[in-house]
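Visitor: coords below, sequence missing:
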């Protein structure tokens, strides 16, 4: 039995807005780091996004946290076309266009069911257009799978850190339940 290889070096192409270690997209610049490990096919991640988005983005706007999204290809086996990885890669393209947060939210809003084909490349491009990503470079990035290697790197690094499910949330490096209340409490403790 072979063990999965973990990438130690970042891929040659990483999206704009990537974290220092290249395995996430940073939103905000507050002193407390909140890491959110997500998969765009994960129904629980969709619920987390819907429940926590207003709270997390208020903390970002108030300058309290740096929110680092780690879009994983964790659930590729639950689609017939590696949708998790393709959606994650497309979110990297959206980050290049300065629309990661809006695009991630739109991906969750349009989440396909587990077990079948995910959204097509054209669908992913159309979702981008809904949030203002109309530059042809975005469509080319999605269709060419520009950030598929980056997605593999993000996923490998997360697994190497012990992330075994999504959503997983860390506040200041410590795992907390993925709910707005526990995240706020953990951030408040970290600020003290």
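Guide: Sure, I can see it. This one's a predicted model, so the numbers in the text were calculated from it and none came from an experiment. Residues are numbered from 1 along each chain as shown.
Visitor: Residue 35 touches residue 24, doesn't it?
Guide: Yes: contact criterion CB atoms under 8 Å: residue 35 and residue 24 qualify, at 6.8 Å. Bear in mind the C-beta positions are built from the backbone N, C-alpha and C, glycine included.
Visitor: Now the common contact residues for the two.
Guide: Residues touching both residue 35 and residue 24 (CB atoms under 8 Å, 6 or more residues apart in numbering) are 68, 70.
Visitor: Now do the contacts for the spatially closest residue to residue 12 that is not a sequence neighbour.
Guide: Nearest residue to residue 12 in three dimensions, chain neighbours excluded: residue 149, at 7.5 Å (CB to CB, 6 or more residues apart in numbering). Going by CB under 8 Å, 6+ apart, residue 149 touches 11-13.
Visitor: how close does residue 149 sit to residue 170?
Guide: Here residue 149 is placed at a distance of 24 Å from residue 170 (CB to CB, to the nearest Å).
Visitor: And residue 24, by the same measure?
Guide: Residue 24 is 11 Å from residue 170, by CB to CB.
Visitor: So for the two, which sits in the more crowded spot?
Guide: Legend: neighbour count by other CB atoms under 10 Å for residue 24 and residue 170, higher for residue 24 (24 against 19).
Visitor: okay but the more buried one is in contact with residue 67, surely?
Guide: No: Residue 24 lies out of contact with residue 67 (CB under 8 Å); the separation is 9.2 Å.
Visitor: which residues do those two both contact?
Guide: In contact with both residue 24 and residue 67: no residue, using CB under 8 Å, 6+ apart.
Visitor: for this structure, what spans make up the strands?
Guide: For the chain, strands defined by DSSP state E occupy the ranges 25-27, 32-38, 65-71, 168-171, 174-176.
Visitor: How about residues contacting the first one?
Guide: In other words, strand 25-27. Contacts of strand 25-27 (CB under 8 Å, 6+ apart): 15, 17-19, 60, 66-69, 71, 91-92, 95, 100-101.
Visitor: Ok, the last one next?
Guide: Among residues not part of strand 174-176, those counted as contacts by CB under 8 Å, 6+ apart are 168-170, 182-183, 186.
Visitor: how far out from the middle of the chain is that strand?
Guide: Offset of strand 174-176 from its chain centre (CA atoms, centre = their mean, to the nearest Å): 17 Å.
Visitor: Rounded mean pLDDT for that strand, please.
Guide: In this model, strand 174-176 carries a mean pLDDT of 96.
Visitor: pLDDT wise, what is the residue positioned nearest the centre of the chain at?
Guide: In the chain, the residue lying closest to the centroid (CA atoms, centre = their mean) is residue 71, at 2.6 Å. On the pLDDT scale, residue 71 is placed at 98.
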